[in-house]
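> Could you look at this predicted model? Sequence included:
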Amino acid sequence: VDGGSGIYESDFVNATGTPVVGMVGAGQLARMTIEAATPLDVTVRVLAAASDESAALIARHVEVSPSLELDPIAAFAAGCDVVTFDHELVAPEVLRALEERGHVLRPGAAAELYAQDKLYQRRELAAGGFPVPAFRRVESLDDLTDFAAEHGWPVVAKAVRGGYDGRGVWVLSDAGSAAELWSGASGTGTPLLVEQFVPIERELAALVARRPSGEAVVYPVVETVQADGMCRELVVPCAVPAAVTTEASALALRLAEAIDATGIMAVELFLTREGLLVNELALRPHNSGHWTIEGAQTSQFENHLRAVLDWPLGATGLVSPVTVTVNVIGRQGGVEPREVLPRALAVPGVRVHLYGKGYRPGRKLGHVTALGDEVDETRTRAWRAAELLMSGEAR
Ligand SMILES: Nc1ncnc2c1ncn2[C@@H]1O[C@H](COP(=O)(O)OP(=O)(O)OP(=O)(O)O)[C@@H](O)[C@H]1O
Ligand SMILES: [Mg+2]
């Protein structure tokens, strides 16, 4: 077998003798990975924090451990041929210890650190010649205000570890807001970095799938639209000059190799008047790749599995001239999406994905993808279905 690495020797014996991929975390990314595993007859086991998590609801093989300490993860990993991740929450020391014990992690601990620690990521990428926003580590309130004096207000403070969906990102407009943040953060011991407020023209993402043996493929660059620090919408292809997408793709491939990424890696990019800057990396299937389920020849979830198993990767080309994905996010005073699902399904040509998660304002509950020939028409359809799922009313 091309790329067969003879690693399928876990303690866990599944019905068919096919490989067992363990996924730590049981959110929607794990759920959609399981959906992609079935046609390949790959077994996915998930390590959930609770039995009602998105992927735990559909997985045939679930272990539950609220703790992400070494022992429960090592016990889980013993039953898997390869271990991969739905989130970045396993401590770097635990990942290193798992590798020392001989467990196969993809991505490995060293690569994963780039997604776990924003300061490490900025430092290493800057040292490697990759374009990143101006930044510095914050150890005192003076560090914040000195940086702002040099670069101008506003500045953006970020939690070095643990942020997601804009939680852990603060735009500071003046010395007063900096002092307020510092008095709160210094009490919690959350390490911070500060960076320039980038005049963003568009946000883009480049997704790469890379195998341990080095083969890598890149997906067409996607435009991501965020509101309140959270991704709302994806549009492919993105309306930027070809030189920009070519550069974004090349940068993502270079980066994947430089950090030895395995599996899917998403590179979030800021497009400015001066060019591209790297915002952050995720070493796992990513929200910016949800459009690939219907819109690309091989979904990011299938290519993640193929990549972590060191199998040949699937083609990443577009299936349709335009693909638009809209996230279904719980709204204040909104509805349970599943209660209005039939109405959303009446919108022609949309594909609805619900994650089985309970409604909560600000929570990602699902997404809708529409394929079409033209951006405006495709967006309108995707939004009509998503709006129904969020508010119960047509937009
Ligand atoms: N330096 C910056 N200048 C301007 N806007 C920024 C800056 N950094 C972040 N943002 C905005 O905030 C959003 C969230 O930032 P970031 O991606 O760092 O946070 P996150 O919470 O880790 O996100 P994710 O949910 O993708 O993990 C960005 O997509 C962008 O819209
Ligand atoms: Mg982000």
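Sure thing, it's come through. Numbers count the residues shown, from 1 in each chain. Ligands and ions are numbered 1, 2, ... in the order given.

> does residue 252 really touch residue 265, like I thought?
Yes - Residue 252 lies in contact with residue 265 (Cβ atoms under 8 Å); the separation is 7.3 Å. Where you see a C-beta, it was placed from the backbone N, CA and C, and this is true even at glycine.

> More neighbours: those two, which one.
A count of neighbours by other Cβ atoms under 10 Å puts residue 265 above the other of residue 252 and residue 265, at 30 against 27.

> What are the buried residues along whichever strand or helix holds the more buried one?
Following DSSP states H and E, one finds residue 265 within strand 263-272. Within strand 263-272, the residues that count as buried by 16 or more other Cβ atoms under 10 Å are 263, 264, 265, 266, 267, 268, 269, 270, 271.

> how about the CA coordinates for that strand, as PDB?
Written as PDB, here are the backbone C-alpha positions of strand 263-272 (Å, rounded to 0.1, in the frame of the first residue of the first chain):
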ATOM      1  CA  GLY A 263      -3.000  16.400   9.100                       C
ATOM      2  CA  ILE A 264      -4.900  19.500   8.200                       C
ATOM      3  CA  MET A 265      -3.300  22.900   9.000                       C
ATOM      4  CA  ALA A 266      -5.300  26.100   8.600                       C
ATOM      5  CA  VAL A 267      -3.500  29.400   8.300                       C
ATOM      6  CA  GLU A 268      -5.600  32.400   9.100                       C
ATOM      7  CA  LEU A 269      -4.400  35.400   7.100                       C
ATOM      8  CA  PHE A 270      -4.900  39.100   7.200                       C
ATOM      9  CA  LEU A 271      -4.800  40.800   3.800                       C
ATOM     10  CA  THR A 272      -3.700  44.400   4.100                       C
END
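
> taking the mean pLDDT, what do you get for stretch 188-207?
Averaged over stretch 188-207, pLDDT sits at 94.

> Next, the distance between the ends of it.
With Cα to Cα, to the nearest Å as the measure, stretch 188-207 spans 34 Å from end to end.

> residues in contact with the least confident helix or strand in the chain by mean pLDDT?
In the chain, no helix or strand scores lower on mean pLDDT, DSSP states H and E than helix 175-188, which sits at a mean of 86. Residues outside helix 175-188 that contact it (Cβ atoms under 8 Å, 6 or more residues apart in numbering) are 138, 140, 141, 144, 145, 148, 155, 157, 159, 170, 172, 192.

> before we move on, the earlier item: gap between the strand holding residue 265 and the chain center?
Offset of strand 263-272 from its chain centre (Cα atoms, centre = their mean, to the nearest Å): 10 Å.

> So what pairs up with the residue nearest to residue 51 when sequence neighbours are not counted in the strands?
Nearest non-adjacent residue to residue 51, counting by Cβ to Cβ, 6 or more residues apart in numbering: residue 64, 5.3 Å away. Beta-bridge pairing of residue 64, defined through DSSP bridges, involves residue 48.

> picking that back up, following the strand holding residue 265, which helix or strand shows up next?
strand 275-282.

> So is that next one next to ligand 1?
Yes - against ligand 1, strand 275-282 shows contacts by Cβ under 6 Å from any ligand atom at 279, 280.

> other SSEs contacting that strand?
The contact analysis (3 or more Cβ pairs under 8 Å, 6 or more residues apart in numbering; DSSP states H and E) places strand 275-282 against helix 109-116, helix 118-127, helix 242-258, strand 263-272.

> and the ones you listed as TSV, adding distance to residue 346?
Converted to TSV, those look like this (distance: least, Cβ to Cβ, whole Å):
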stretch	distance to residue 346
helix 109-116	39
helix 118-127	43
helix 242-258	35
strand 263-272	32
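
> Can you tell me which of those is packed in deepest?
Of all those, strand 263-272 carries the top mean neighbour count, a mean of 24, counting by mean count of other Cβ atoms under 10 Å.

> Which strands and helices lie in contact with that strand?
With contacts defined as 3+ Cβ pairs under 8 Å, 6+ apart, the packing partners of strand 263-272 are strand 202-210, helix 242-258, strand 275-282, helix 300-308.

> Give me the contacts around the last one.
The list of residues contacting helix 300-308 from outside it, by Cβ under 8 Å, 6+ apart, reads 21, 29, 32-33, 35-37, 39-40, 42, 44, 82, 84, 106, 207, 209-211, 217, 219, 262-264, 284-286, 289-290, 292-293, 298, 311-314, 316.

> Name the strands paired with the helix or strand following that helix and say parallel or antiparallel.
Using DSSP H and E, the helix or strand that follows helix 300-308 towards the C-terminus is strand 322-329. Paired with strand 322-329 in the same sheet, following DSSP bridges, are strand 230-236 (antiparallel), strand 364-372 (antiparallel).

> Report pLDDT for the residue nearest the centre of the chain.
With distances taken as Cα atoms, centre = their mean, the residue of the chain nearest its centroid is residue 286 (2.7 Å). pLDDT for residue 286: 98.

> on that earlier part again, intersection of neighbour lists for residue 252 and residue 265?
207, 208.

> Tell me the secondary structure at the residue of the stretch 1-150 of the chain found nearest ligand 1.
Residue nearest to ligand 1 within the stretch 1-150 of the chain: residue 133 (4.9 Å; Cβ to the nearest ligand atom). Under DSSP: H, G, I helix; E, B strand; the rest coil, residue 133 falls in the coil class.

> how close does it sit to residue 72?
Distance, residue 133 to residue 72, by Cβ to Cβ, to the nearest Å: 37 Å.
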